[in-house]
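*Asks:* the following block contains a protein sequence and its predicted model.
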Amino acid sequence: MENFTPYSAFFGGGLIGLSAALLMFFNGRIAGISGMIAGAFSSTDNDRHWRWYFLGGLIVAAALFNHFFQAAPATYSRGTLVLVVSGILVGYGTRLGNGCTSGHAVCGLARLSWRSAAATVTFMSVAILTVYVMRHLLGMSS
């Protein structure tokens, strides 16, 4: 567990919760990132500007964190093609499931939504099963 970083995880999680709470308080919106991205590109959505600001803030915050704290560079042992295909599949799955981890696990569970609880249990179970199969049955590591 050389990558165990409880302090950054604690503060990062707190910032995610704070940003979700502030978005709900000021805009009455849920901070579901997949829905936010879809709405940012939607031609029928009249409130695209706040979505772009929020998404831009995610990118700027990550860049500032990396600048000031010199985070370890991300490495991908499977190659760029696998990364791109995986991202497309995750994006498709979040739209198919009407939400993502930020919308269901962070915001939905905080609102005591049964639908979000079911979605969170489902995607966490599939993630755990996938890691088990990939690492223990197929012998693949990250």
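*Replies:* That came in fine, so what should we check first?
*Asks:* mind showing which ranges of the protein have poor pLDDT?
*Replies:* For the chain, residues meeting the criterion pLDDT under 70 lie at 1-4, 43-45, 71-72, 142.
*Asks:* which stretches of it form helices?
*Replies:* Using DSSP state H, the helices assigned to the chain run over residues 6-27, 33-40, 48-69, 80-96, 101, 109-110, 114-132.
*Asks:* show me what the first one is in contact with.
*Replies:* Residues outside helix 6-27 that contact it (Cβ atoms under 8 Å, 6 or more residues apart in numbering): 29-31, 50, 54, 57, 61, 102, 106-107, 110. Backbone N, C-alpha and C define where each C-beta goes, glycine included.
*Asks:* now render the helices of the chain as JSON lines, adding mean neighbour count.
*Replies:* Formatted as JSON lines, the helices of the chain follow (neighbours: other Cβ atoms under 10 Å):
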{"stretch": "helix 6-27", "mean neighbour count": "12"}
{"stretch": "helix 33-40", "mean neighbour count": "19"}
{"stretch": "helix 48-69", "mean neighbour count": "12"}
{"stretch": "helix 80-96", "mean neighbour count": "12"}
{"stretch": "helix 101", "mean neighbour count": "19"}
{"stretch": "helix 109-110", "mean neighbour count": "14"}
{"stretch": "helix 114-132", "mean neighbour count": "13"}
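*Asks:* for those helices, give me TSV that also has distance to Ser141.
*Replies:* Below are these laid out as TSV (distance: least, Cβ to Cβ, whole Å):
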stretch	distance to Ser141
helix 6-27	22
helix 33-40	28
helix 48-69	25
helix 80-96	14
helix 101	23
helix 109-110	31
helix 114-132	10
